[in-house]
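**Student:** Structure here, sequence nowhere to be found:
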């Protein structure tokens with residue numbers, strides 16, 4: 001807003017009104033973030049540095065014992081169990097995110113090449129399953145992968161599993177559940193990127209006798225990179241702290257960091273240890289966002305790919 005030709009008193013009043021309008025506009029969102037994000041995070045940080053008291057409740061004095069326990073140090077010495085849980089979470093996240101990218105790319109491309117009247121229907125088919133409760137969808141996969149089902153019978157006939165052993169519970173079931181659950185979060189950003197794809201660059205690459213792989217890497221991939229990075233953030237961060245899918249499809253055999261944290265607030269009865277695990281998840285989130293930002297700058301070079 002320009003205040004040229006306005007008296008100082010009128011200018012100050014206008015600036016006050018503008019500041020009040022900006023404050024009233026930002027206040028609801030800022031209040032929501034403070035109440036449901038900042039305050040719980042600050043509470044978790046405080047609990048993580050407290051001592052585990054009776055029944056797992058935090059109490060004074062302040063201590064680093066919860067972080068030592070998270071690193072595997074207990075009264076019986078060091079155990080790699082928590083480290084295995086962290087590495088399993090990272091591995092499951094990387095594998096699931098990679099598979100989601102592999103599956104989502106052709107789906108998003110195919111939808112973008114369909115007739116305009118069919119695109120909303122195709123997108124709806126991708127999104128509709130996510131409208132169902134996650135627990136119900138996970139129970140559905142438990143029934144599909146249980147012993148005696150066609151999928152388990154096929155895997156048994158191929159020698160992939162032992163007789164009378166279903167595909168559930170297993171790490172494979174957890175990976176399949178994660179891919180199925182987060183697929184829409186990758187398809188939608190990639191579809192938006194394909195919608196803005198400059199086909200002239202693809203045609204130029206083909207005119208220069210580029211192979212399909214080189215044409216994709218030099219003409220298509222840079223243009224879809226913003227959607228890819230957005231999809232990776234939407235998939236990898238929630239998958240790293242996922243609780244329901246590993247708990248149900250893993251059957252206790254594929255515990256991830258989210259399960260470790262949840263158990264400390266319930267059966268494990270160690271709130272400081274659970275809070276320390278939650279802080280680790282927050283740190284992993286910030287590190288992942290920073291890494292995606294650096295990768296976006298290095299590969300894309302433009303501000304549009306910066307998260």
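**Tutor:** Okay, I see it. Only a predicted model underlies this, so the values are computations on that prediction, with no experimental measurement involved. Residues are numbered from 1 along each chain as shown.
**Student:** For the stretch 151-300 of the chain, give me the ranges with low pLDDT.
**Tutor:** Scanning the stretch 151-300 of the chain for pLDDT under 70 picks out 253, 268, 300.
**Student:** which residues of it fall in helices?
**Tutor:** Along the stretch 151-300 of the chain, counting by DSSP state H, counting those that start in this stretch, helices occupy 171-195, 199-207, 212-215, 221-240, 244-249, 257-264, 271-299.
**Student:** Give the burial count for the nearest residue to residue 263 once chain neighbours are set aside, as a bare number.
**Tutor:** Distances taken as Cβ to Cβ, 6 or more residues apart in numbering put residue 274 closest to residue 263, at 7.7 Å, once the chain neighbours are dropped. Glycine gets a C-beta too; all of them are placed from N, C-alpha and C. Residues contacting residue 274 under the criterion other Cβ atoms under 10 Å number 26.
**Student:** who wins for proximity to residue 81 among the helices of the stretch 151-300 of the chain?
**Tutor:** Nearest to residue 81 among the helices of the stretch 151-300 of the chain is helix 257-264 (9.2 Å), distances taken as Cβ to Cβ.
**Student:** Now do the closest one: which elements does it pack against?
**Tutor:** Counting contacts by 3 or more Cβ pairs under 8 Å, 6 or more residues apart in numbering; DSSP states H and E, helix 257-264 is packed against helix 81-113, helix 244-249, helix 271-299.
**Student:** now that helix, how far from the chain's geometric center?
**Tutor:** 17 Å (Cα atoms, centre = their mean, to the nearest Å).
**Student:** Next, the angle from it to helix 81-113.
**Tutor:** 130 degrees (axes from the mean of the first three to the mean of the last three Cα atoms, to 10 degrees).
**Student:** Can you give the strand pairings for the strand ranked longest in the chain, parallel or anti for each?
**Tutor:** Counting by DSSP state E, the longest strand found in the chain is strand 58-62. Strand 58-62 has the following strand partners under DSSP bridges: strand 50-52 (antiparallel).
**Student:** now what about the strand it pairs with, what contacts it?
**Tutor:** With contact meaning Cβ atoms under 8 Å, 6 or more residues apart in numbering, strand 50-52 is reached by 58-63, 65-66, 270-273.
**Student:** Quick check: buried residues in stretch 83-98?
**Tutor:** Across stretch 83-98, burial judged by 16 or more other Cβ atoms under 10 Å covers 85-86, 88-89, 92-93, 95-97.
**Student:** One more: stretch 29-43?
**Tutor:** Buried residues in stretch 29-43 (16+ other Cβ under 10 Å): none.
**Student:** now swap in stretch 245-262 and tell me
**Tutor:** 245-250, 254-262.
**Student:** from these, which two are the most distant?
**Tutor:** Spanning the widest gap among those are 249 and 261, at 18.2 Å by Cβ to Cβ.
**Student:** one step back: list the contacts of the longest strand of the chain.
**Tutor:** In this structure, residues lying in contact with strand 58-62 by Cβ under 8 Å, 6+ apart are 47, 49-53, 271-272, 275.
**Student:** Dump the residues you listed into CSV; add distance to residue 174 and neighbour count as well.
**Tutor:** Below are these laid out as CSV (distance: Cβ to Cβ, whole Å; neighbours: other Cβ atoms under 10 Å):
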residue, distance to residue 174, neighbour count
47, 29, 20
49, 32, 18
50, 32, 19
51, 34, 14
52, 29, 21
53, 34, 13
271, 26, 22
272, 28, 29
275, 25, 24
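**Student:** can you put these in JSON lines and add distance to residue 26?
**Tutor:** Listed next are those as JSON lines, based on distance: Cβ to Cβ, whole Å:
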{"residue": "47", "distance to residue 26": "30"}
{"residue": "49", "distance to residue 26": "32"}
{"residue": "50", "distance to residue 26": "34"}
{"residue": "51", "distance to residue 26": "39"}
{"residue": "52", "distance to residue 26": "40"}
{"residue": "53", "distance to residue 26": "40"}
{"residue": "271", "distance to residue 26": "34"}
{"residue": "272", "distance to residue 26": "35"}
{"residue": "275", "distance to residue 26": "30"}
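**Student:** from the residues you listed, which is closest to residue 186?
**Tutor:** Nearest member of those to residue 186, counting by Cβ to Cβ, is residue 275, at 30.9 Å.
**Student:** residue contacts, the closest one?
**Tutor:** Counting by Cβ under 8 Å, 6+ apart, the residues that residue 275 touches are 44-45, 47-48, 58, 66.
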